[in-house]
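# Just the structure for this:
(one chain, ligands or ions: 1)
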Amino acid sequence: MPLIIPKTLPAYDALYEENVFVMHRERALSQHIRPLEILILNLMPTKIATETQIARLLANTPIQVHMTLLQTASHAATHVSAAHLESFYKTFEEVNVRPIKKVPALRGKTICNLFLEPSTRTRGSFELAEKRLSCDTINAGGSASSTVKGESLVDTVKTLDSMKVDMFVVRHKYAGTPYMVSQHTNAAVIDAGDGKHQHPTQALLDLYTIWKEKGSFEGLKVGIVGDIVHSRVAGSLVPALAKLGAEVYLIAPATMLPAAPEALGVARVYASLDEALPELDVVYMLRIQMERLEEAPFPSLREYNLLYGLTKEREELMKPDAIICHPGPINRGVELDSYMADGSRSVITDQVFSGVCVRMALIYLLLGGANDGLSA
Ligand code: CP
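Alright, predicted model coming up:
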């Protein structure tokens, strides 16, 4: 298996002792793998995702696309017909508005949430999704785990794997960690955000939210605004939107753009938000990833807000039916003013709600839930 270490990332620690670190995006570029395959690959490490599981995951979707999925183990390409997760999402959406938001679908299954980087939305929605599916859960990340005593992540995973958990949900500041975890367990592994690499479940909940609002992706003009180069959200969402037929525009200062936007399927790059806004059906604002900055990419936050902030004044440049998305957390007054974040165009709270539904659907599919458990 090739070892590809991108120059832009910091030195790796003992965590990568197995020499299996692979940067999916770079590998994809070098092997001509198409972007949505990366999303699926990150979502379901193919070591544990059989062809049948992948087909099941994709079989119920409204987006009629053919995609080639990389089978990591064999390096063979498998063609499957994809449609949407719509019916599953809708089923779980219905569960989430019941007075008693719980089904016995996954009784007896155990999930380990391994969050080694802060999270409110992803962690909270995964935990709720697991509990509402009647899974047993443990939380092994953070200051209460033995990682703070010097235990390597590989040892942590092997220890928890010995306890026979069925799934790991992994958030980590280093790219590739979920993949590495999948090399040390037979449990399913979901990437809950790894470094500035990928955030596939965020992309799926964004797609579902946008699709509910707009009904289709074909020709939809989606602008991703802000700190794109450090954003794992953009890393998953941009290629997924392009794959589904949307026209994706990147709007950012040059210091916050990826090196090769065209490789992600981007239609156009704008330096000016004012120029791009009248075009857009969806305005997707990103937070500046302060924790990942090595040097200041712009002179001041005030200047950034002036040029790239979605302010009340800029609303008049927007199409009448344009919507505003943000993955959260928001830095109010920097990329997004409160007037816009809390206004009628904002679907930010809908994104959060979709997150629980989408994650329930994914967990259910990956752990092989039985249909009859849903109706209870
Ligand atoms: N969108 C997102 O990943 O937010 P959290 O970091 O709070 O999980």
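# pLDDT weak spots in the stretch 251-376 of the chain?
369-376 (pLDDT under 70).
# Quick check: residues of it near the ligand?
Counting by Cβ under 6 Å from any ligand atom, the positions of the stretch 251-376 of the chain adjacent to the ligand are 327-329. Placement of C-beta: from N, CA and C, glycine included.
# 8 Å instead, please
Proximity of the stretch 251-376 of the chain to the ligand, by Cβ under 8 Å from any ligand atom, involves residues 327-329, 355.
# how far away is the residue in the stretch 201-350 of the chain that the ligand sits nearest to from G226?
Of all residues in the stretch 201-350 of the chain, P327 sits closest to the ligand, at 3.9 Å by Cβ to the nearest ligand atom. Computed as Cβ to Cβ, to the nearest Å, the P327 to G226 distance reads 11 Å.
# Which neighbours do those two have in common?
The overlap between the contact sets of P327 and G226 (Cβ atoms under 8 Å, 6 or more residues apart in numbering) consists of 286-287.
# more crowded one of these two?
Set P327 next to G226 and count neighbours by other Cβ atoms under 10 Å: G226 wins out with 29 against 26.
# okay, that one: pLDDT?
Looking at G226, its pLDDT is 96.
# wait, it sits on P253?
No - contact criterion Cβ atoms under 8 Å: G226 and P253 do not qualify, at 9.2 Å.
# just the strands in this protein please.
Here the chain has its strands, by DSSP state E, at 65-71, 76-82, 110-115, 136-139, 167-172, 188-194, 221-225, 247-251, 268-270, 282-285, 323-325.
# pretty sure V165 is touching I111, no?
Yes - between V165 and I111 there is a contact under Cβ under 8 Å: 6.6 Å.
# who has more neighbours, those two?
I111 (28 against 21).
# who's in contact with the more buried one?
By Cβ under 8 Å, 6+ apart, I111 lies in contact with 130, 135-138, 165-169, 363.
# can you map out the helices along the stretch 251-376 of the chain?
Taking DSSP state H, counting those that start in this stretch, the helices of the stretch 251-376 of the chain run over residues 273-276, 301-308, 338-341, 348-366.
# would you turn the ones you listed into a markdown table with distance to S119 and mean neighbour count?
What follows is the helices of the stretch 251-376 of the chain, written out as a markdown table (distance: least, Cβ to Cβ, whole Å; neighbours: other Cβ atoms under 10 Å):
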| stretch | distance to S119 | mean neighbour count |
| --- | --- | --- |
| helix 273-276 | 28 | 16 |
| helix 301-308 | 23 | 16 |
| helix 338-341 | 20 | 17 |
| helix 348-366 | 11 | 23 |
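# So what sits opposite L310 in the bridge?
Counting by DSSP bridges, L310 is bridged to L336.
# If you tally nearby residues, what's the number for it?
26.
# so how far is Y339 from it?
Remark: distance between L310 and Y339 (Cβ to Cβ) = 9 Å.
# just R232 next, same as before
Distance from R232 to Y339, counting by Cβ to Cβ: 28 Å.
# do R121 as well
Per Cβ to Cβ, R121 is found 22 Å from Y339.
# what does R302 give?
From R302 over to Y339 the distance is 18 Å, taken as Cβ to Cβ.
# before we move on, what about L160?
The gap separating L160 from Y339 is 45 Å, by Cβ to Cβ.
# swap in E279?
As judged by Cβ to Cβ, E279 and Y339 stand 22 Å apart.
# With S143 instead?
Note on S143: its distance to Y339, by Cβ to Cβ, is 37 Å.
# ditto for A187
Separation of A187 from Y339 (Cβ to Cβ): 45 Å.
# Only whichever of the contacts of I111 are buried, select them in ChimeraX.
Buried residues within these, by 16 or more other Cβ atoms under 10 Å, are selected in ChimeraX with:
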select :130,135,137,165,166,167,168,169,363
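# Would you mind giving the contacts of I111 as CSV with distance to D191 added?
Listed next are the contacts of I111 as CSV, based on distance: Cβ to Cβ, whole Å:
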residue, distance to D191
E130, 16
C135, 18
D136, 22
T137, 18
I138, 19
V165, 16
D166, 17
M167, 12
F168, 10
V169, 9
I363, 13
